[in-house]
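Undergrad: coordinates for the following, if possible.
(one chain, ligands or ions: 2)
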Amino acid sequence: MLQIEDLCVEVAGRPLLKNVSLTVEKGETNVLFGPNGAGKSALLSTIMGFSNYKVTSGKIFFKGKDITDMPINERAKLGMGIMTQRPPNIAGVRLRELTAIVAEGKGLDVRETAAGIDMERFLDRDVNVGFSGGEIKRSELLQLSAQQPDMFLLDEPESGVDPVNMAQVGTMIAKLLDGGSSCPACRREKSALIITHTGEVLDYVEADKAFILCNGTIMCSGNPRKLLNEIKTQGYEECIKCRLNLTKL
Ligand SMILES: Nc1ncnc2c1ncn2[C@@H]1O[C@H](COP(=O)(O)OP(=O)(O)OP(=O)(O)O)[C@@H](O)[C@H]1O
Ligand SMILES: [Mg+2]
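TA: Ligands and ions are numbered 1, 2, ... in the order given. Just a heads-up that it's a prediction; the model follows:
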């Protein structure tokens, strides 16, 4: 579904991501861990095509197509959707209007879709204006529900969400990734790359693989729970040391 090859990215004239390679297969949910400032959000923004992230070398393939230079709207049309870490407020645009535009052609009922995530009462408010942290995450999820992308890029979906709402947000993410398939034995339809610090989202979504990104470089990959436990007990310093030892071999 998504293949990143040797990607190097500059932001504000400074190299940020260095030789990042990773793959997310169809139906796979992969996780991205890493310390603050490592470049995780920058990586998701680059995959989505935000213009302030400049690819200096390397390639991004989505559904087999080279999208490295493709504009953001075309990536969205091709089936890529993002929940950013800090979505903008859009004064003058109601959530109902934006959701309807995003859902265009899919035959979705905006009110019904919003009811599914307890967002009906926000539909006539301007997008994200005055929304609480948790409400912004649900607003983002509502837009993703309307878009129904094939590849979900989720940047810290649990951040700012209280434990009760987390159950709703987590269940909603799991449902979106299932893509409507209710058969537990079937492979998931959708793919995802999820950034998480706490791993809370892993209580709701079964992840296949995790990557650790430090200083703009992928240090290692492995079982998400196992890597999270190692990060919690040993910190990222051990991860960097381990990588240094591996490269010396
Ligand atoms: N537009 C920009 N202009 C200048 N610096 C930027 C820009 N975008 C990102 N950076 C810098 O790039 C680095 C990586 O930022 P990024 O947001 O990707 O970190 P992160 O891994 O997502 O961290 P966190 O866990 O805190 O969200 C940071 O030092 C950040 O200040
Ligand atoms: Mg971030």
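Undergrad: what is the neighbour count of residue 36?
TA: Around residue 36 there are 7 other residues, counting by other C-beta atoms under 10 Å. Using the backbone N, CA and C atoms, a C-beta is placed for each residue, glycine as well.
Undergrad: ignore what I typed, I meant residue 168.
TA: Using other C-beta under 10 Å, residue 168 has 18 other residues around it.
Undergrad: and if you look at residue 83?
TA: Residue 83 is flanked by 22 other residues according to other C-beta under 10 Å.
Undergrad: that one contacts residue 157, doesn't it?
TA: Yes. Residue 83 is in contact with residue 157 according to C-beta atoms under 8 Å; the separation is 6.1 Å.
Undergrad: the longest helix along the chain - what's its average pLDDT?
TA: For the chain, the helix with the greatest residue count under DSSP state H is helix 224-248. In this model, helix 224-248 carries a mean pLDDT of 82.
Undergrad: so how far is that helix off the chain centroid?
TA: Here helix 224-248 shows a centroid-to-chain-centroid distance of 22 Å under the convention C-alpha atoms, centre = their mean, to the nearest Å.
Undergrad: for stretch 206-224, same thing?
TA: Relative to its parent chain, stretch 206-224 has a centroid offset of 14 Å by C-alpha atoms, centre = their mean.
Undergrad: touching ligand 2 at all, it?
TA: No. Stretch 206-224 stays clear of ligand 2 (C-beta under 5 Å from the ion), getting no nearer than 10.3 Å.
Undergrad: output the contacting helices and strands for the helix or strand bottoming out on mean pLDDT in the chain.
TA: Least confident helix or strand, the chain: helix 224-248 with a mean of 82, by mean pLDDT, DSSP states H and E. Packed against helix 224-248 by the contact rule (3 or more C-beta pairs under 8 Å, 6 or more residues apart in numbering; DSSP states H and E) you find strand 29-33, strand 209-214, strand 217-222.
Undergrad: re earlier: overlap in contacts, residue 83 and residue 157.
TA: Jointly contacting residue 83 and residue 157 under the rule C-beta atoms under 8 Å, 6 or more residues apart in numbering are 137, 141.
Undergrad: all helices of the chain, in order?
TA: According to DSSP H, the chain carries its helices in the segments 40-48, 72-78, 95-102, 110-115, 133-147, 163-178, 224-248.
Undergrad: what is the fifth one packed up against?
TA: Here helix 133-147 is seen to pack against strand 80-83, helix 95-102, helix 110-115, helix 163-178 when contacts are counted using 3+ C-beta pairs under 8 Å, 6+ apart.
Undergrad: how about 6 Å then?
TA: Helix 133-147 sits against strand 80-83, helix 95-102, helix 110-115, with contacts defined as 3 or more C-beta pairs under 6 Å, 6 or more residues apart in numbering; DSSP states H and E.
Undergrad: and the closest residue to ligand 2 within the chain, how many neighbours?
TA: Closest residue of the chain to ligand 2, C-beta to the ion: residue 41 (3.1 Å). Residues near residue 41, counting by other C-beta under 10 Å, number 20.
Undergrad: contact residues of this protein facing ligand 2?
TA: Checking the chain against ligand 2 by C-beta under 5 Å from the ion, the hits are 41, 85.
Undergrad: low-confidence ranges, the chain, go.
TA: Within the chain, the ranges that satisfy pLDDT under 70 run 180-187, 246-249.
Undergrad: would you format the helices and strands packed on helix 133-147 as a markdown table with distance to residue 37 included?
TA: Shown next, in a markdown table, are the helices and strands packed on helix 133-147 (distance: least, C-beta to C-beta, whole Å):
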| stretch | distance to residue 37 |
| --- | --- |
| strand 80-83 | 20 |
| helix 95-102 | 30 |
| helix 110-115 | 35 |
